[in-house]
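In: After the sequence you'll find the predicted model.
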Amino acid sequence: MTEPQHVDDPQEAARLLAEKIRGVRFATFTTVSADGSLHGRPMATQEAEFNGELWFFTYRDSHKVGDIRLNPQVNLGYNNPDKNLWVNVTGIAEQVDDRARMRELWEPPLKAFFPDGVDDPNLTLLRVTPQRAEYWDGPSSGIGKVVAFAKTLASGGKTPPGKDVKLDLEGQ
């Protein structure tokens, strides 16, 4: 197995992260519960120009907001099976009550989950500031997958079918 590549420049890491998750609408948003167990749930990432932050709508009285108050460390898992791409993001989450930002991020399909819209006093935002990310990027076409799998078999598993890249968004 080859070693993963490392990107230590925060600007390049942020650019790559934005490129990889662009268009992947949903993430598995995982928090640490009060008892120390992990709790993941699907959440829609709000489409915005990536500036080092990821945004999510939720209700302020939700369990995830309580989890974040106790432990702001979260994990986001993105998957785009059509591109054979998996992205894992760790970061710090915080609740943000900013109606102007909510209006900027609001999209009509959100009404299905939040019927009262941005005027709902229970609606809030979660801002996640990524610290590190890792992605696994494999061939996306059928023939590309076959060729990559054949290379892996021929090398005795020493040539993985794709890239494993670790991104440091803090520059540490």
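Out: Good, I have the coordinates. Remember, it's a predicted structure, so these values are computed and weren't measured experimentally.

In: Could you pick out the longest strand of this structure?
Out: As assigned by DSSP state E, the longest strand anywhere in the chain is strand 123-137.

In: Off-centre distance for that strand?
Out: Remark: strand 123-137 is offset 5 Å from the chain centroid, using C-alpha atoms, centre = their mean, to the nearest Å.

In: partners of it in the sheet?
Out: strand 54-59 (antiparallel), strand 85-96 (antiparallel), strand 163-168 (antiparallel) (DSSP bridges).

In: taking the mean pLDDT, what do you get for it?
Out: What strand 123-137 shows for mean pLDDT is 96.

In: ok, now stretch 24-36?
Out: Rounded mean pLDDT across stretch 24-36 is 96.

In: For that stretch, C-alpha coordinates in CSV please.
Out: Output of stretch 24-36 as CSV, limited to C-alpha atoms (Å, rounded to 0.1, in the frame of the first residue of the first chain):
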residue,chain,number,x,y,z
VAL,A,24,-22.0,16.7,-3.1
ARG,A,25,-25.2,17.8,-1.4
PHE,A,26,-25.3,15.7,1.7
ALA,A,27,-22.9,14.8,4.4
THR,A,28,-23.0,12.5,7.3
PHE,A,29,-22.7,15.0,10.2
THR,A,30,-21.3,13.2,13.3
THR,A,31,-21.2,14.7,16.8
VAL,A,32,-20.1,13.3,20.1
SER,A,33,-23.0,12.7,22.4
ALA,A,34,-23.0,13.5,26.2
ASP,A,35,-22.3,9.8,26.9
GLY,A,36,-19.3,9.9,24.6
